[in-house]
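> Pasted the sequence and its predicted model underneath.
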Amino acid sequence: MQRAFNLAVAQVGGIQPGEDRKAVVARLISLLEASHRRGASFVVYPELTLTTFFPRYWRDDCSALDSYFEREMPNAEVQPLFDRAKALGVGFYLGYAELTPDGRHFNTSILVDSTGAIRGKYRKVHLPGHADRVEDVPAQHLEKRYFEVGDLGFGVFEVDGIRVGMCLCNDRRWPEVYRVLALQGADLVVLGYNTPMEVPGWREEPHAKMETHLLSLRAGAYQNAVWVAAAGKSGDEDGAHLIGGSAVVAPSGEIVARARSEGDEVVVADVDLDLSEPYRQSVFNFAAHRRPENYSLIVDRVGRGDPVPVDFS
Ligand code: ING
């Protein structure tokens, strides 16, 4: 890819429990073809984009949900997407549930280049929600029960000549994620999300749920002089409602393209990676301005604690 290219975010509307992977992959291919028709050379799909958001369900036996996981990638159901993307010369980011050969469960995403080669893998680090059943709620949010914490860190990968960082959903709310990716030279951060309106314990006004989603993307982009592209699984899924708001954000923090609907929708932005340069040479010239010797609490502490005494005598 050149420094300037068309980037598509493929928002995917609700996937109902009975919708099989064949049907879902057909939808993803339609979104891919629409993206290609609009000149996109890379497509971002959502988190867990091959099935319904199954962490909303309680199961006494977690293995009852193994049918929602992919044992290999690509596999027979997903291969048509890989084949079509390669034929069109389009790379993509795809989120899915990963079941490893040694039986570990991750919320995973991959980067595939325009030749169909998998260039990077990420396993979700910030698992939100809860691990135990919450009573009297419309839906659970059991990512802590069904997934292990990712063990690959936050990597940056070369995809068709550009440096791409990945994260997943709740990761986008944590500033450390973008900073670690930007310190590795990421030009673009791509992510998928599933953000239900109802998450046990999440109290925010409905309008604020969209605001804080977009704020997280914009802050991450601006404070790290990177482009950010986020694709949502959105709309109604098995009685739950997931927010839309798929968007592409420039290094200025400005939203340059955004989904209108809550269904399958392609959002395409003209990305010029060199728009990061003015920020990287001035306000966010990390090498010139950062002072990590003052940031140790970010790594040394997990939760909120007491003030550290300051000797200003
Ligand atoms: N979804 C939600 C998200 O971070 C969430 C979960 C939302 C947790 C709001 C807490 C507050 O967008 C996923 N899948 O992380």
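Okay, I see it.
> What segments of the stretch 151-300 of the chain are strands?
Assigned by DSSP state E, counting those that start in this stretch, the stretch 151-300 of the chain shows strands spanning 156-159, 162-168, 188-194, 227-237, 240-242, 247-249, 255-258, 265-272.
> Which of the ones you listed sits closest to V125?
Checking those against V125 by CB to CB gives strand 162-168 as the closest, at 7.9 Å. No exception for glycine: its C-beta is placed from N, CA and C like everyone else's.
> still on that earlier bit, adding mean pLDDT, write the strands of the stretch 151-300 of the chain out as TSV.
Listed next are the strands of the stretch 151-300 of the chain as TSV, based on pLDDT from 0 to 100:
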stretch	mean pLDDT
strand 156-159	98
strand 162-168	98
strand 188-194	98
strand 227-237	98
strand 240-242	97
strand 247-249	99
strand 255-258	98
strand 265-272	98
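> Please identify the most buried of the ones you listed.
Of all these, strand 188-194 has the most neighbours on average by mean count of other CB atoms under 10 Å, namely a mean of 28.
> what about that one and the ligand, touching?
Yes - Strand 188-194 lies within reach of the ligand by CB under 6 Å from any ligand atom, at 193-194.
> For the most centrally placed residue in the chain, give its distance to the ligand.
The chain has L191 as the residue nearest its centroid, 2.2 Å off, counting by CA atoms, centre = their mean. Applying CB to the nearest ligand atom, to the nearest Å, the value for L191 to the ligand is 10 Å.
> Next one: the closest residue to the ligand within the stretch 1-150 of the chain from S63, what distance?
Closest approach between the stretch 1-150 of the chain and the ligand, counting by CB to the nearest ligand atom: P128, at 3.6 Å. Per CB to CB, to the nearest Å, P128 is found 22 Å from S63.
> Comparing the two, which residue is more hemmed in?
For P128 versus S63, the count of surrounding residues by other CB atoms under 10 Å is larger for P128: 17 against 11.
> pretty sure that one is touching H141, no?
Yes - here P128 reaches H141: they are 6.6 Å apart, a contact under CB atoms under 8 Å.
> Let's verify the nearest residue to R104 once chain neighbours are set aside: helix, strand, or coil?
Spatial nearest neighbour of R104, excluding adjacent residues (CB to CB, 6 or more residues apart in numbering): E148 at 5.6 Å. Classification of E148 using DSSP: H, G, I helix; E, B strand; the rest coil returns coil.
> E148 contacts H105, doesn't it?
Yes - counting by CB under 8 Å, E148 does reach H105; the two are 6.0 Å apart.
> For these two, indicate the residue with more neighbours.
H105 (20 against 15).
> So for that one, what pLDDT did the model give?
H105 carries a pLDDT score of 98 in this model.
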